[in-house]
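S.K.: Here is a sequence with its predicted model. Questions after.
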Amino acid sequence: QVQLAESGGGPVQPGDSVRLSCAASGRSLNSQAVGWFRQTPGKEREFVAAISRSGGKREYSGSVLGRFTISRDNARNAVFLQMNSLKSEDTALYYCAGRLRTGFEAYTGSSDYDYWGQGTQVTVSS
């Protein structure tokens, strides 16, 4: 059974940086597109960033473009989200998602993904 586990979240101050990790067990992430999404109470899950299976394509939401960077390390079977210049509006539960279906893109829709981690909370507050 394939599972994803996010880590790296926590309380931070505005302007700080955080790196989230998404690690897989039971299956290699190396042949999968991976996405990061976030959700706050009462709101729908929101796309943040995605990376293609090769790592050659990346997509970002407009609200994080220029501040967040998604990357993958196949040797470590993990995908990362580097978050810089954090703002209070970045406060959310962050999820990573994996795509088992074939495809070569960096997918931005939640329905493009087949399984999800449990999430890691990032709280940006002074």
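M.R.: Arrived safely. Numbers count the residues shown, from 1 in each chain.
S.K.: Was I right to think residue 85 contacts residue 15?
M.R.: Yes: if you go by C-beta atoms under 8 Å, residue 85 and residue 15 touch, sitting 6.1 Å apart. C-beta here means a position set from N, CA and C on the backbone, and glycine is covered the same way.
S.K.: Contact partners for residue 114?
M.R.: 97-101 (C-beta atoms under 8 Å, 6 or more residues apart in numbering).
S.K.: Quick check: beta-bridge partners of the residue positioned nearest the centre of the chain?
M.R.: Nearest to the mean C-alpha position of the chain, by C-alpha atoms, centre = their mean, lies residue 36 at 2.4 Å. Per DSSP bridges, the residues bridged to residue 36 are residue 49, residue 96.
S.K.: Look at residue 111 and give its secondary structure.
M.R.: Following DSSP: H, G, I helix; E, B strand; the rest coil, the label given to residue 111 is helix.
S.K.: Residue 29 belongs to a strand?
M.R.: No: according to three-state DSSP, residue 29 belongs to no strand; its state is coil.
S.K.: That one: how many residues sit nearby?
M.R.: 23 (other C-beta atoms under 10 Å).
S.K.: again with residue 49
M.R.: Using other C-beta under 10 Å, residue 49 is surrounded by 26 other residues.
S.K.: Was I right to think residue 6 contacts residue 18?
M.R.: No: Residue 6 is beyond contact range of residue 18, at 11.7 Å (criterion: C-beta under 8 Å).
S.K.: which residues are in contact with the helix or strand encompassing residue 80?
M.R.: Taking DSSP states H and E as the criterion, residue 80 maps to strand 78-83. For strand 78-83, the surrounding residues in contact (C-beta under 8 Å, 6+ apart) are 17-24, 29, 34, 36, 48-49, 51, 64, 67-73, 90, 94, 96, 122.
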